[in-house]
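got a sequence here, can you build the structure:
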Amino acid sequence: MENTRDDFSAKTKELLANRVGMKCSNPGCRKLTCCANTNPDKVTNIGVAAHICAAAKGGPRYDASMTPEERKSPENGIWLCQSCSKLIDTDTSRYPKELLQNWKQLAEQTAILEVETASPAQSFEQDKDLIKFYVQCFDRPAFQDDIYQEGRMEDFDKAIEDTLIALNTGVLRTRDGSIIKQADGKSSVQNQLWREKLSTIADLLTAIRRRLKVAKEEHTYSTYGRGEDVAYCFNDRELGEWFNATREEILKILSSICKETGLRELYFQRRRYRW
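Numbering: from 1, shown residues only. Now for the predicted structure:
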């Protein structure tokens, strides 16, 4: 009996499977379709090179305007697991040609991203190196001294600003603006939880700068002494403690990330000022 089906060649089936990393193209499935078999000479393959438009008249989504070559070309194929292959053929109204083409395009783009993205082990080490850099950015008097021991509020504000810039851009500067080290900003951290914690830290740093600006405009603090012996007295004692407590909270969050990465937790002892 003559075969009237325009079936895919073995080469086309292999091509369709490899272009999506051997995973089902259904974005709601993405199941890996190939694995080892107990027979060392075989593999278990539950993938199917399905036709987007049917290989024969009367099949799902059959398009009479297509030539036999078009029906059996890679452009008319989509790699699916066996379950999803049966699924798309049971309800052609729900799974039209245009939807399957979108699935295919998305699956191929996803496969490219998976190849380009670093492995989990590589991502962890890269994140760990970035966390080490951020820890160095916070190892400065602005996060160690009691707010009442700050020499100049302008220097304190600049230190907070430089730390914020380092966190956001990966650029660490000296007081005169010289770049002493450069990495990547927090947006490059792959671990979502750590990235969220770093964003919280950035928000707290911004809040410190904004509150300090308001305190200066409202003359909330006064200076005593000269030179290196200058001290600051906040008329609002609770405000002074807020600056101290907020910086401590920042270090606690950063320390929690260090613990999760296996790095040494932070211990910046605050040198308290006593009146």
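
secondary structure class for the residue positioned nearest the centre of the chain?
Nearest residue to the geometric centre of the chain (Cα atoms, centre = their mean): Q190, 4.0 Å. Following DSSP: H, G, I helix; E, B strand; the rest coil, Q190 is assigned to coil.

which residue is the nearest non-sequential neighbour of it?
Distances taken as Cβ to Cβ, 6 or more residues apart in numbering put S123 closest to Q190, at 4.1 Å, once the chain neighbours are dropped. In this view, the C-beta of every residue, glycine as well, is placed from N, C-alpha and C.

over to N76?
Nearest to N76 is I52, by Cβ to Cβ, 6+ apart, at 5.2 Å.

follow-up on the earlier one: wait, a helix at the residue nearest to Q190?
Yes. Counting by three-state DSSP, S123 falls inside a helix.

what about it, how many neighbours?
14 (other Cβ atoms under 10 Å).

distance of it from T261?
Distance of S123 to T261, computed by Cβ to Cβ, to the nearest Å: 12 Å.

for P60, same thing?
51 Å.

cool, I165 as well?
I165 is 23 Å from T261, by Cβ to Cβ.

who has more neighbours out of those two?
It is T261, of I165 and T261, that has more neighbours when counted by other Cβ under 10 Å, with 19 against 16.

which residues touch the residue nearest to D184 when sequence neighbours are not counted?
Leaving aside its sequence neighbours, D184 sits nearest to G170 (Cβ to Cβ, 6+ apart; 4.4 Å). Applying Cβ atoms under 8 Å, 6 or more residues apart in numbering to G170 gives the contacts 130, 133, 182-185, 188.

and T44, which of the three is it?
Applying three-state DSSP: T44 is strand.

so it makes contact with L32?
No. With contact defined as Cβ atoms under 8 Å, T44 does not count as touching L32 (10.5 Å).

tally of neighbours for the residue nearest to N76?
Neighbours around I52, by other Cβ under 10 Å: 22.

just the one 10 residues further on next, same as before
If you count neighbours by other Cβ under 10 Å, Y62 ends up with 15.

now the strand or helix carrying K213: mean pLDDT?
Under the criterion of DSSP states H and E, K213 resides in helix 192-217. Average pLDDT, helix 192-217: 94.

just give the nearest non-adjacent residue to E260, would you?
Nearest non-adjacent residue to E260 (Cβ to Cβ, 6+ apart): W194, at 7.2 Å.

touching, that neighbour and C258? I think so.
No. Look at W194 against C258 with Cβ under 8 Å: they stay out of range, at 10.1 Å.

neighbour-wise, which of these two wins?
Ranked by neighbour count (other Cβ under 10 Å), W194 and C258 place W194 first, with 21 against 18.

for that one, give its distance to I257.
5 Å.

is V43 in a bridge, and if so with what?
A36 (DSSP bridges).

in contact with it: list those residues for me.
With Cβ under 8 Å, 6+ apart, V43 has these contacts: 34-37.

return the members of those residues classed as buried.
Neighbour counting by 16 or more other Cβ atoms under 10 Å classes none of the contacts of V43 as buried.

of all the residues you listed, which two lie farthest apart?
C34 and N37 (9.9 Å; Cβ to Cβ).

contacts made by stretch 4-17 with the rest, please.
33-34, 47, 49, 51, 55-57, 68-69, 71-74, 77-79.

can I get the buried part of the residues you listed as one PyMOL selection?
Provided next is the PyMOL selection string for whichever of the contacts of stretch 4-17 are buried by 16+ other Cβ under 10 Å:
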select buried, resi 33+47+49+51+55+71+72+74+77+78+79
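
show me the contacts of stretch 4-17 that map onto strands.
Among those, the ones falling in strands (DSSP state E) are 34, 47, 49, 51, 77-79.

in the stretch 101-250 of the chain, what residue spans correspond to strands?
Applying DSSP state E, counting those that start in this stretch to the stretch 101-250 of the chain gives strands spanning 171-173, 179-182, 221-224, 231-234.

partners of the shortest one in the sheet?
Strand 171-173 has the following sheet partners, assigned by DSSP bridges: strand 179-182 (antiparallel).

equivalent analysis for the last one, please.
Taking DSSP bridges as the criterion, strand 231-234 sits next to strand 221-224 (antiparallel) in its sheet.
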